[in-house]
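A.B. asks: turn this into a model:
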Amino acid sequence: VVVHLRIVPLVMDAMAALALLIQAANERFRMKITGIKAWQVDLPLKEGRYTWSSGHFVEIFDSTVVAVETDAGITGFAECCPLGSAYLPAFAAGVRAGLAELAPQLLGLDPTDLDVVNAHMDRVLSGHPYIKAPLDIACWDILGKAAGLPVWKLLGGKAQAHVALYRAISQRNPSEMAANIEGYRAEGYRKFQLKVGGDADADIARIRATRSVLKEGEVLVADANTGWTRAEAARVVLAVRDLDVVIEQPCPTYDECLSVRRRTPLPFVLDEVIDSVATLQRALADDAMDIVNLKISKVGGLTKARLMRDLCVASGTPMTIEDTWGGDIVTAAIAHLAQSTPAEFTFSATDFNSYGTVSIADGAPIRDNGTMRASDEPGLGVTPRWEVLGEPCLSVDR
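C.D. replies: Numbering: from 1, shown residues only. Predicted coordinates for the structure are as follows:
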């Protein structure tokens, strides 16, 4: 009994010490969102114009840079850049309008509680995942900075040394598109995403012309971006069945794409119609594709993209990991998610910051012989170029 009585104070002291340690840890990592800012920035294209299905094109991308500020003195950054207004249910001005609606609802939350932040955003704003995406990504940047770790480490670790990139080939006549492939090959690219989705006969010619200039080991993806009817898609896949080509998102709806998928043995990618965990689960159950195009802002940010990435890995489904468009900060987020994904499940990724003429942040990935690497610095590893961004167009604080 005497021994036990002597132990009790020691145990009590140990428990008190542990409680103090837990309290100190909580105090160290507890923080609150105190402000959210946004900047509008134009991103002109080096090629002058980017053209895809149904005659859609963009010459200058309208991007929004977001900063989430905290009472711990740590600020997280992110970027959202829709591909025009006709590609997905998203548009550039909508990002900023949505931020004005949503940002006041996040003040006072702890940005490092990522699931809590995402659940709260879904409660107070129904839908609009592209508006929530930069807020979520900025919170990941904050978490990485608070922990002193790069985001790729938080997403699971460096699963590959570098990430292989593809190059989008803007829709033009067949000979011009073939010539563009040869030019980008010199920059190290070995995967080429051909923009089709126009007239079926013209697209068949585009696919054949570009495939003819490819070398051994190079990959060609014919991306219709929803531009074909089911009848047109059926014609195209039948006409190119003898070629080594991947077919991507032929039609606007899931059911139309599934119908085309069942008509061709060619590898098949779904993109625009895979916009949530639920649609991904359905497509996996239906064997609707061989590859998924996972766009971070389309699904609401890194938190939900990570979940979908892990579902794809668990099901043995490779991914193109990218976003709708953007500059240096979008490219950084892509690099962190892609580099934390096993190489065998990373079909390709995108270095959007190499398409434009304006750099908006330091520390972003730089293409190296058709590949890129994420920063090893804490968070996303990028610092905005304030001289380029100028004054914020939105500022919300307590």
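
A.B. asks: tell me how far stretch 251-268 lies from the chain's centre.
C.D. replies: In this view, stretch 251-268 has its centroid 24 Å away from the chain centroid, taken as C-alpha atoms, centre = their mean, to the nearest Å.

A.B. asks: quote the end-to-end distance of it.
C.D. replies: Between the start and the finish of stretch 251-268 there is a gap of 12 Å, counting by C-alpha to C-alpha, to the nearest Å.

A.B. asks: can you list the buried residues in that stretch?
C.D. replies: Of the residues in stretch 251-268, those scored as buried under the neighbour-count criterion (16 or more other C-beta atoms under 10 Å) are 251-252, 254, 256-258, 260-261, 264, 266-268. In this view, the C-beta of every residue, glycine as well, is placed from N, C-alpha and C.

A.B. asks: including secondary structure, could those residues go into CSV?
C.D. replies: Shown next, in CSV, are the buried residues of stretch 251-268 (DSSP: H, G, I helix; E, B strand; the rest coil):
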residue, secondary structure
Cys251, coil
Pro252, coil
Tyr254, helix
Glu256, helix
Cys257, helix
Leu258, helix
Val260, helix
Arg261, helix
Thr264, coil
Leu266, coil
Pro267, coil
Phe268, strand
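
A.B. asks: need the pLDDT of Leu10.
C.D. replies: What the model reports as pLDDT for Leu10 is 45.

A.B. asks: and for the one 4 residues further on?
C.D. replies: According to the prediction, Ala14 has pLDDT 48.

A.B. asks: what do you get for Arg30?
C.D. replies: In this prediction, Arg30 has a pLDDT value of 86.

A.B. asks: for Phe347, same thing?
C.D. replies: At Phe347 the predicted local distance difference test score is 98.

A.B. asks: which residue is the nearest non-sequential neighbour of it?
C.D. replies: Ranked by C-beta to C-beta, 6 or more residues apart in numbering and with sequence neighbours excluded, the top spatial neighbour of Phe347 is Pro318, at 4.2 Å.

A.B. asks: give the contact list for that neighbour.
C.D. replies: When the contact criterion is C-beta atoms under 8 Å, 6 or more residues apart in numbering, the partners of Pro318 are 290-292, 312, 344-347.

A.B. asks: most neighbours, which of those?
C.D. replies: Each of these was scored by neighbours using other C-beta atoms under 10 Å; the highest score is Val292's, at 27 neighbours.

A.B. asks: so what's that one bridging to?
C.D. replies: Here Val292 sits in beta bridges with Leu270, Met319, going by DSSP bridges.

A.B. asks: separation between it and Lys37?
C.D. replies: Relative to Lys37, Val292 is positioned 33 Å away (criterion: C-beta to C-beta, to the nearest Å).

A.B. asks: quick check, nearest of the buried residues of stretch 251-268 to Ile296?
C.D. replies: For Ile296, the nearest member of those is Tyr254. The distance, counting by C-beta to C-beta, is 20.6 Å.
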